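A.B. asks: Return a 3D structure for these sequence lines:
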Amino acid sequence: MGKRGPGSSKISVVEPRNVKRPDPLVGMTAPARTVWKRIVRVFPGDHFKPQHYDLLRMYCESAAINKISLEKAHKDGYENPHWINVAEKMAARCTALSLKLGISLNSAMVARRKEYVGSAPEQKNKWDGLLYGAGKK
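C.D. replies: Next up is the predicted model:
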């Protein structure tokens, strides 16, 4: 217990904690590592916890595979349905994982409670003012 009373007004400065962002996991492909670094850089250092790393890895690898498959589909003139199917599956996987990780625009808006540029305007309720205060605003 510290000393209390008039003589105890010593103020100590607490330095802010420097939170290190997580590095890409060992064994990730180079394109997935690039996605990892791009995502981790955008969020606060303590946004991703160790229990999220595997999901984030899956997201990054899926995003990399999506990009590669779209490039191959473009190269083939979009005639090979295999690459288009792979790209669609990886896009769906990325969507689901982004919601779980809280990195999609919608989940980030909810988590941060901030408005982003380009977000949808607030919808007006057609029932507002019918019972109380009709015509007031």
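A.B. asks: so which strand or helix has the most centrally placed residue in the chain?
C.D. replies: Nearest residue to the geometric centre of the chain (Cα atoms, centre = their mean): Ile103, 1.3 Å. For Ile103, there is no helix or strand it lies in under DSSP states H and E.
A.B. asks: mind listing what the residue nearest to it when sequence neighbours are not counted touches?
C.D. replies: Counting by Cβ to Cβ, 6 or more residues apart in numbering, Ile103 lies nearest to Ile39, which is 6.1 Å off, once chain neighbours are set aside. C-beta: built from backbone N, CA, C; applies to glycine. By Cβ atoms under 8 Å, 6 or more residues apart in numbering, the contact list for Ile39 reads Leu56, Tyr59, Cys60, Ile103.
A.B. asks: Same question for Leu56.
C.D. replies: Pro22, Trp36, Ile39, Val40, Phe48, Leu101.
A.B. asks: Output the residues you listed in a markdown table, with pLDDT, secondary structure and distance to Ile11 appended to each entry.
C.D. replies: Formatted as a markdown table, these follow (pLDDT from 0 to 100; DSSP: H, G, I helix; E, B strand; the rest coil; distance: Cβ to Cβ, whole Å):
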| residue | pLDDT | secondary structure | distance to Ile11 |
| --- | --- | --- | --- |
| Pro22 | 94 | coil | 34 |
| Trp36 | 97 | helix | 41 |
| Ile39 | 95 | helix | 39 |
| Val40 | 94 | helix | 35 |
| Phe48 | 92 | coil | 34 |
| Leu101 | 91 | helix | 40 |
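A.B. asks: Nearest to Lys72, out of these: which one, please.
C.D. replies: The closest of these to Lys72 turns out to be Trp36 (Cβ to Cβ; 22.3 Å).
A.B. asks: What is the neighbour count of His74?
C.D. replies: 10 (other Cβ atoms under 10 Å).
A.B. asks: three-state assignment of it?
C.D. replies: When classified by DSSP: H, G, I helix; E, B strand; the rest coil, His74 comes out as helix.
A.B. asks: so what's it scoring on pLDDT?
C.D. replies: You'll see His74 listed with a pLDDT of 95.
A.B. asks: For burial, what's the neighbour tally of the nearest residue to Lys100 once chain neighbours are set aside?
C.D. replies: Nearest non-adjacent residue to Lys100, counting by Cβ to Cβ, 6+ apart: Leu55, 5.9 Å away. By the criterion of other Cβ under 10 Å, Leu55 has 16 neighbours.
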